[in-house]
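show me the folded form of this:
(chains A, B, C and D)
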Number of protein chains: 2
Amino acid sequence: MRIGELSRRTGVPTRMLRYYEEQDLLHPERTGNGYRVYGEPAVYRVQQIRGLLDSGLTTEIIRRILPFLNKPDEIHLHPECLTPETAALLRGEAERIQQRIDCLARNRDAIHAYLAVVQPGAPPGPPTGQT
Amino acid sequence: MRIGELSRRTGVPTRMLRYYEEQDLLHPERTGNGYRVYGEPAVYRVQQIRGLLDSGLTTEIIRRILPFLNKPDEIHLHPECLTPETAALLRGEAERIQQRIDCLARNRDAIHAYLAVVQPGAPPGPPTGQT
DNA sequence: TGAAACGTTCACATCAATGTGAAGGCAACT
DNA sequence: AGTTGCCTTCACATTGATGTGAACGTTTCA
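Numbers count the residues shown, from 1 in each chain, chains lettered A, B, ... in the order given. Okay, the predicted model is just below:
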């Protein structure tokens, strides 16, 4: 698919898709006339990038860990490609990610606890409780 | 304590502490000569702000949810203070936070799965495994 | 008293992510 | 052929979070 369709399917402006490519996060093919062409997996990949950016990771970090973030059933990188430095980087980032998770979970719980106190009877789950 | 000590104890530059105040996230007292004076709870509050900022929340969002993020044992806001709009905001933000958590957890797991495949024998936990 | 360490405000600079628009080529359909 | 819509690159602007420094008052301590 071309950039427009990818944009529509992900909700990410084309400007950003080009930016992510410039940042080495996406690597679309090109047709004869220079148009970018993306494969189907690009949709998930873009969503993944967006989620990580939204969670405070920088494009630089994402670029470095993205190659290792695929499903284990499609591990294409041979272990030889993993230098000790890279392993340390991955462990370090996993830890920083965990810290974010802890912080977010703490505050999510605090919000739910507050709502539970002032509005007993509304479950903390998906139901928005409009009615 | 004054701004310098708070900075030392949190690792956050004084510049940022002043900025957070400008953004209405901190509200220190002032001494006669204009010096900011922070209470002990400010330490935790600054760490909380940092964690949330680091996790992708903006100062604007933090400002709006911060009053509700304290321990339930010190709930000072009467339920009357909670308008339906505020409740909806809180639920919405809790959901956005949950999405971040899910995304981060997914990718943390992917990193651990990768490490487990290429380096069997190293636990995914805290031990950095330098030796 | 004078230096050192701290505080204040104000202002300008940077950096990453994103918005926006110009100028032009390509594709499809009427 | 012309119009409409998508694509290209280039470039400048904005926004939020930070860095940095000037100019100046305060506290502390030798």
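
outline the domain layout of chain A.
Domain assignment for chain A, taken from automatic domain parsing, gives A:1-71, A:78-122.

the shortest one - what's its average pLDDT?
Summarised as a single mean, pLDDT over domain A:78-122 is 89.

now A:Ala42: closest residue in space, sequence neighbours ignored.
A:Leu6 (5.9 Å; C-beta to C-beta, 6 or more residues apart in numbering or on different chains). (Each C-beta comes from the backbone N, C-alpha and C, glycine too.)

does that neighbour really touch A:Gly39, like I thought?
No: the pair A:Leu6 and A:Gly39 fails to qualify as a contact (C-beta atoms under 8 Å) at a distance of 9.9 Å.

ok, the two, which is more surrounded?
Counting neighbours by other C-beta atoms under 10 Å in any protein chain shown for A:Leu6 and for A:Gly39 shows that A:Leu6 has the greater number, 23 against 11.

give the buried residues for the host helix or strand of the more buried one.
Secondary structure from DSSP states H and E places A:Leu6 in helix A:3-10. Under the neighbour-count criterion of 16 or more other C-beta atoms under 10 Å in any protein chain shown, helix A:3-10 has A:3, A:6-7, A:10 buried.

with adjacent residues omitted, what lies nearest to the closest residue to DNA strand D within chain A?
Nearest to DNA strand D in chain A, going by C-beta to the nearest atom of the strand, is A:Gly4, at a distance of 2.4 Å. Leaving aside its sequence neighbours, A:Gly4 sits nearest to A:Thr14 (C-beta to C-beta, 6+ apart; 6.6 Å).

residues near that neighbour, how many?
Neighbour tally, A:Thr14, other C-beta under 10 Å: 14.

next: A:Arg108.
20.

just the strands in chain A please.
A:29-30, A:36-37 (DSSP state E).

what about the last one and DNA strand D, touching?
Pointing back at strand A:36-37 there. Yes: against DNA strand D, strand A:36-37 shows contacts by C-beta under 7 Å from any atom of the strand at A:Arg36.

if we can go back for a sec, per-residue pLDDT of the residue nearest to A:Gly4, please?
98.

returning to that earlier point: can I get the strands of chain A in TSV with mean neighbour count, distance to A:Ile61 and mean pLDDT?
Formatted as TSV, the strands of chain A follow (neighbours: other C-beta atoms under 10 Å in any protein chain shown; distance: least, C-beta to C-beta, whole Å; pLDDT from 0 to 100):
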stretch	mean neighbour count	distance to A:Ile61	mean pLDDT
strand A:29-30	9	26	97
strand A:36-37	16	24	98
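
can you redo those as TSV with distance to A:Glu60?
Converted to TSV, the strands of chain A look like this (distance: least, C-beta to C-beta, whole Å):
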stretch	distance to A:Glu60
strand A:29-30	24
strand A:36-37	22
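
is it true that A:Tyr38 touches A:Arg8?
No: contact criterion C-beta under 8 Å: A:Tyr38 and A:Arg8 do not qualify, at 12.0 Å.

quick check: buried residues in the biggest helix by length in chain A?
The longest helix of chain A (DSSP state H) is helix A:84-118. Under the neighbour-count criterion of 16+ other C-beta under 10 Å, helix A:84-118 has A:86-87, A:89-91, A:93-94, A:96-98, A:100-101, A:103-105, A:107-108, A:110-115, A:118 buried.

contacts with chain B among the residues you listed, please.
Checking the buried residues of helix A:84-118 against chain B by C-beta under 8 Å from any C-beta of the partner chain, the ones in range are A:87, A:90-91, A:93-94, A:97-98, A:100-101, A:103-105, A:107-108, A:110-115, A:118.

so which residue is smack in the middle of chain A?
Note on chain A: the residue nearest the mean C-alpha position is A:Gln48, at 2.7 Å, using C-alpha atoms, centre = their mean.

quick check: closest non-adjacent residue to that residue.
Setting aside the residues directly before and after it, A:Gln48 is nearest to A:Leu69 in space (C-beta to C-beta, 6+ apart), at 6.9 Å.

quick one, what contacts the one you found?
For A:Leu69, the contact set (C-beta atoms under 8 Å, 6 or more residues apart in numbering or on different chains) comprises A:48, B:107, B:110-111, B:114.
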